[in-house]
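S.K.: Predicted model and sequence below, questions to follow.
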Amino acid sequence: MMPADYLLGIDNGGTVTKAAVYDTSGNEKAVAGIKSAIVFPRPGHAEKDTEALWAANVHVIREVLEKAGIGAAQVAGIAVTGHGNGMYLVDGKGRSVYNGINSADTRASDYVQKWYADGTHDRLLTRTCQSIWPGQPVALLAWFQDREPEVLERTRWVFMCKDFIRYRLTGEALAELTDYSGTSLLNVRTLDYDLELLESFGIGFCREKLPSLRRSAEICGRISRKAAEETGLLEGTPVAGGLFDISACAIASGIIDPAQLCLIAGSWSINEYISTSPVEAKDLFMTSAYCLPGHWLTMEGSATSASNLEWVVSELMGGESLGAGGQSIYNTCGELAASVHPADSDIVFLPFLYGSNVGPNAASCFLGLHGWHRKEHLLRAVFEGVVFSHKTHVDRLLTYRDTPKVARMAGGAAKSPIWVQMFADVLGIPIELTSNEELGAMGAAICAGVGVGVFASFEEAVDRMVCVSQTVEPRSDYTKLYADKYVRYQKYLRALAEAWA
C-alpha cells in the first residue's frame, strides 16, 4: 500500500466549492471546483440547496483525487472550511429541515436594528467582541422563532456551513470554535456558549441545539461508510475540525505572529491580524477565535474589493474578452489602468457595488468625470477605489495595534502586479505574496496535517507549507501622491453621507 502522505482540503465558499490535494511540503497536486449557486426564493432570502451543496462536495472530492492521481488510502487527513455565518439546520436523523442560509441573507434586518437601538449590542459587546448583522445565526434564529417556529421544532442541530459538510462526511455532530466564535452565539473571551448571552438575544431555547465545541485541529470523526461510497474516500480516514474561512486564509498566508497583517482582496475586502487577547471595540467588525491556540483574530471587512472589477469587466468591457496576444481581460484592465499616471487622473470611484464600509445605504459611483476622460482613467479609479476601501479598514485596525512592517496579500487582486504595487504604495509598507492561490483549501489542509500529527504544530505546518514568492516594496513618491488622493476619497464619503442617509 502507498504511504498516506497527502492532505485534502475542502473549501465551501459562497458560490464555489473547491477541493485541493497537497503534499506535506505544501505543493499543490490538484484542484477541483464547481459552482454551488445561491438561490433567492424571496427578497432578502439568500439560501443554498443543501443536497446540491453536498453533491458539489462529492463531485470535487472525486475529481480532485482523480486529477491528483492518488488513491484514497494515500490521504492522511481531511478538513473543511467554508463561508462563515448563515446557518444549516438538521433534524435528529441528519436530514436538512430547511435550505442552508447564506451569510448575505437579510430577512432578519429588523432584529439587528432593534438590538442596536435598544442597547443590546453595546451591552453584550464585551462577550461577543463583534458586530451583529442579519446573516448571523442569532438574528436568523430569532426570526425563525417568530416567523416559522415549526422549522426550529424539527431542528436538532444548528450548523455552520463547513460543520454541516463535516457532519455529512462523518456522521458526528460537532461545532468548530473559530467558526462559531464569529456568530455571536458564544462568549469570545471564555470560548464557550453563554446561556445568558443567548437569552439576551431571545434565543436561549436554542442552547440544546448547538453542538459541542471542538478546536480546528482536533479529530472530529472519520469518513463514514456511506460517505466513503459516495466520495471515493477511504472509510475511517480522520477528519479534523476545520476552520472559519477568514482563519483559513490567514493561516494559509502564514499568519502566526501578531506583528503580521493579512489582506485578502477578493469578493470581500478582508483585513486581519492576530493577538494574544481578544480585542473589543464598537468600531471594529469582528474578533473571533483563531486556529492557533491562545490567539484571537481581529478582522475588518466589507464587500468592497475585487468584485467591483468583475462588474466592470462584465458590464463595460464585454467587447474586449482578450487583450493583445490572447492575454486575459484582467491583465488588459491592469495594463490600461497602469497606462495612466496617478497624478493624471482625479476621478474617484467608490467601490460599493455589493456593500459598503460607511453605511447601509451607501452606493457606488464615479466622481469627477469629464469629457476628456477615457476608459483607462475609469479603470485606474476602480483599482484605486478598492485599495482606498482596504485602507479604510486597515486604518481602523491600526487604532488598536502598531503599523506592521509587512503585509501578506492574497485573493484575486494579488494576481495583478499593478494592484499589488498600488497596495504597497497606498499603505506605505512592503507587500508579500505567497505561492499558493487556493487559500481556503490550503488552510483546511494545514488543519488536517496538524490534526493527524503530520505537523507537530501550526507553526511547523506554516514553516513547511507556506512559501513567500515575492515582496513588493512601496515607492515613497507614490505613497505621498496617494495620501493626497485618499484625503479626497474621504472627503467625498463625508459629503455624500447626508444624501445616502
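M.R.: Arrived safely, thanks for sending. Note that the structure is predicted; figures quoted are calculated from it, not measured. Residues are numbered from 1 along each chain as shown.

S.K.: how about the strands in the stretch 301-450 of the chain?
M.R.: 348-350, 365-367, 407-410, 431-434 (DSSP state E, counting those that start in this stretch).

S.K.: List the buried residues in the second one.
M.R.: For strand 365-367, a neighbour-count test (16 or more other C-beta atoms under 10 Å) marks residue 367 as buried. Placement of C-beta: from N, CA and C, glycine included.

S.K.: what's the spacing between it and its chain's center?
M.R.: 27 Å (C-alpha atoms, centre = their mean, to the nearest Å).

S.K.: just checking, what packs against it?
M.R.: The contact analysis (3 or more C-beta pairs under 8 Å, 6 or more residues apart in numbering; DSSP states H and E) places strand 365-367 against strand 348-350.

S.K.: same thing but at 10 Å, please
M.R.: strand 348-350, helix 375-397, helix 476-500 (3 or more C-beta pairs under 10 Å, 6 or more residues apart in numbering; DSSP states H and E).

S.K.: re the thing from before, which one of the strands of the stretch 301-450 of the chain lies closest to residue 497?
M.R.: Among the strands of the stretch 301-450 of the chain, the nearest to residue 497 by C-beta to C-beta is strand 348-350 (11.8 Å).

S.K.: And that closest one, what does it pack against?
M.R.: helix 307-316, strand 365-367, helix 375-397, helix 476-500.

S.K.: least reliable of these going by mean pLDDT?
M.R.: Mean pLDDT is lowest for helix 307-316 out of those, coming in at a mean of 86.

S.K.: Show me which residues of that helix are buried.
M.R.: For helix 307-316, by 16+ other C-beta under 10 Å, it's 307, 308, 309, 310, 312, 313.

S.K.: so where is this protein shaky, pLDDT-wise?
M.R.: 1-3, 318-327 (pLDDT under 70).

S.K.: before we move on, the earlier item: deepest in the core, which of the helices and strands packed on strand 348-350 is it.
M.R.: helix 375-397 (a mean of 23; mean count of other C-beta atoms under 10 Å).

S.K.: how much does that helix deviate in direction from helix 476-500?
M.R.: Per axes from the mean of the first three to the mean of the last three C-alpha atoms, to 10 degrees, the angle that helix 375-397 makes with helix 476-500 is 90 degrees.

S.K.: Using PDB, list the CA coordinates for helix 375-397.
M.R.: Provided in PDB are the C-alpha atoms of helix 375-397 (Å, rounded to 0.1, in the frame of the first residue of the first chain):
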ATOM      1  CA  LYS A 375     -11.700  54.100 -20.300                       C
ATOM      2  CA  GLU A 376      -8.200  53.800 -18.800                       C
ATOM      3  CA  HIS A 377      -9.000  56.600 -16.400                       C
ATOM      4  CA  LEU A 378     -12.100  54.800 -15.100                       C
ATOM      5  CA  LEU A 379     -10.200  51.600 -14.600                       C
ATOM      6  CA  ARG A 380      -7.400  53.300 -12.700                       C
ATOM      7  CA  ALA A 381     -10.100  54.900 -10.500                       C
ATOM      8  CA  VAL A 382     -11.600  51.400  -9.900                       C
ATOM      9  CA  PHE A 383      -8.200  50.000  -8.900                       C
ATOM     10  CA  GLU A 384      -7.500  52.900  -6.600                       C
ATOM     11  CA  GLY A 385     -11.000  52.900  -5.000                       C
ATOM     12  CA  VAL A 386     -10.700  49.300  -4.000                       C
ATOM     13  CA  VAL A 387      -7.300  49.900  -2.400                       C
ATOM     14  CA  PHE A 388      -8.700  53.000  -0.600                       C
ATOM     15  CA  SER A 389     -11.500  50.900   0.800                       C
ATOM     16  CA  HIS A 390      -9.000  48.400   2.100                       C
ATOM     17  CA  LYS A 391      -7.000  51.300   3.700                       C
ATOM     18  CA  THR A 392     -10.200  52.400   5.400                       C
ATOM     19  CA  HIS A 393     -10.300  49.100   7.200                       C
ATOM     20  CA  VAL A 394      -6.600  48.900   7.800                       C
ATOM     21  CA  ASP A 395      -6.600  52.400   9.400                       C
ATOM     22  CA  ARG A 396      -9.300  51.100  11.900                       C
ATOM     23  CA  LEU A 397      -7.200  48.100  12.700                       C
END
